[in-house]
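Undergrad: task: produce atomic coordinates for the following.
(one chain, ligands or ions: 1)
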Amino acid sequence: MHPVITGAPVSRPDPDSYAVTAEFYDILQADRDAARVHDLYGRHVARARLGVLDIGAGTGRVTLMSLAESAVGVHAVEPARAMRTSLLTRLATLPARQRERVTVHPYALDEAALYAAADVAVCHNTVACLSPAARDALWPAIHAALAPGGTLLLEPPPALLPPRDVVRRLPEQRVGAHVYGGRMTMSAAGYRIRTRVDYWVRGGRHVLREHTESFWMWPTSRTRLIDDLARHGFAPLPGHGDPRVLAVTRPAHR
Ligand SMILES: C[S@@+](CC[C@H](N)C(=O)[O-])C[C@H]1O[C@@H](n2cnc3c(N)ncnc32)[C@H](O)[C@@H]1O
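TA: Model (predicted):
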């Protein structure tokens, strides 16, 4: 997600964003998200013959799934230092034969200089958090990084602003004597969504620590997203009917 800042939205991700969230990300969400990314992208990744590109790799859910499901090289692109720390820690536990297939790019994709490096690109839970300017920089970079005929699979942003505050509790998780919890509150703020995430650690009945991090999200209709992608040379992937994922291809003839 894009951190909340004052002033005009910028296209460069802040390398220090997710500094609070990274500590809580995997303990509160990893298991559920691992099953979800396998369900959404696993069969596409398994068909990759050139490479897989994980755009906004975070702590590595799509990256690890791609290493397990494919036999090709995986490019994990992650500009935020805190998220990348968790990603590298996970990669460090892999057998050398898997680890030698993954390259971590510590930049936004448009700074990573990847050209025709993959035939499958996945952008999970990331586009929503990119400003229009950041998306304008991202689409040409994906086009360049995908080989002709390659496929881009992305999780679409929310189509609309929430009509009222939406609160989602992240199920609490026990770690030894402590219990970790979190709550996301999404509120409309002009044309954007402000997502505030509150985290806590409890010991018995006492709250030991509380932290908060906020992010911006930019809602966009599916039609608008398809139009944007078409302007950047992508065409809908024929035969893809899963409404949870937007699938487009970089046509072979362009
Ligand atoms: C909400 S997190 C999702 C992480 C991961 N995909 C997941 O679902 O667990 C979005 C990630 O995108 C990264 N990001 C932001 N702008 C980016 C860009 N231009 N290129 C690549 N990654 C970007 C952020 O640093 C952040 O880790």
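Undergrad: do I have it right that residue 17 meets residue 80?
TA: Yes. Checked against C-beta atoms under 8 Å, the pair residue 17 and residue 80 is within contact range at 5.1 Å. To be clear about C-beta, it is placed using only N, CA and C from the backbone, and glycine gets the same treatment.
Undergrad: pull the number of nearby residues for the closest residue to residue 219 other than its chain neighbours.
TA: Closest residue to residue 219 apart from its sequence neighbours, by C-beta to C-beta, 6 or more residues apart in numbering: residue 158 at 4.7 Å. Residue 158 has 15 neighbours, counted by other C-beta atoms under 10 Å.
Undergrad: do the same with residue 176
TA: For residue 176, the count of nearby residues is 6 (other C-beta under 10 Å).
Undergrad: ok, now how distant is it from residue 203?
TA: 10 Å (C-beta to C-beta, to the nearest Å).
Undergrad: secondary structure element holding residue 75?
TA: Under the criterion DSSP states H and E, the helix or strand holding residue 75 is strand 73-77.
Undergrad: who's in contact with the residue of the chain positioned farthest from its centre?
TA: Centroid-distance maximum for the chain: residue 205 at 34.3 Å, with C-alpha atoms, centre = their mean. For residue 205, no contacting residues are found, by C-beta atoms under 8 Å, 6 or more residues apart in numbering.
Undergrad: now do residue 181
TA: Contact criterion C-beta under 8 Å, 6+ apart gives 28, 169-173, 199-202 as the residues in contact with residue 181.
Undergrad: tell me the predicted confidence for it.
TA: With respect to pLDDT, residue 181 scores 98.
Undergrad: if we can go back for a sec, tell me what the strand holding residue 75 is packed against?
TA: Here strand 73-77 is seen to pack against strand 51-55, helix 61-69, strand 102-105 when contacts are counted using 3 or more C-beta pairs under 8 Å, 6 or more residues apart in numbering; DSSP states H and E.
Undergrad: what does that strand rub up against?
TA: Outside of strand 73-77, the residues that reach it under the criterion C-beta under 8 Å, 6+ apart are 51-57, 60, 63, 66-67, 87, 101-105, 107-109, 112, 114, 117-118, 145.
Undergrad: and those residues, which are buried?
TA: The neighbour count (16 or more other C-beta atoms under 10 Å) marks 51-57, 60, 63, 66-67, 87, 101-102, 104-105, 107-109, 112, 114, 117-118, 145 as buried among the contacts of strand 73-77.
Undergrad: buried residues in stretch 224-242?
TA: Of the residues in stretch 224-242, those with enough neighbours to count as buried (16+ other C-beta under 10 Å) are 225-226, 229, 232-234.
Undergrad: mind checking how far it is from the chain centre?
TA: A distance of 19 Å separates the C-alpha centroid of stretch 224-242 from that of its chain, computed with C-alpha atoms, centre = their mean, to the nearest Å.
Undergrad: make JSON lines from the contacts of residue 181 and add distance to the ligand to it.
TA: Output for these, formatted as JSON lines (distance: C-beta to the nearest ligand atom, whole Å):
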{"residue": "28", "distance to the ligand": "11"}
{"residue": "169", "distance to the ligand": "18"}
{"residue": "170", "distance to the ligand": "13"}
{"residue": "171", "distance to the ligand": "16"}
{"residue": "172", "distance to the ligand": "19"}
{"residue": "173", "distance to the ligand": "16"}
{"residue": "199", "distance to the ligand": "15"}
{"residue": "200", "distance to the ligand": "20"}
{"residue": "201", "distance to the ligand": "21"}
{"residue": "202", "distance to the ligand": "24"}
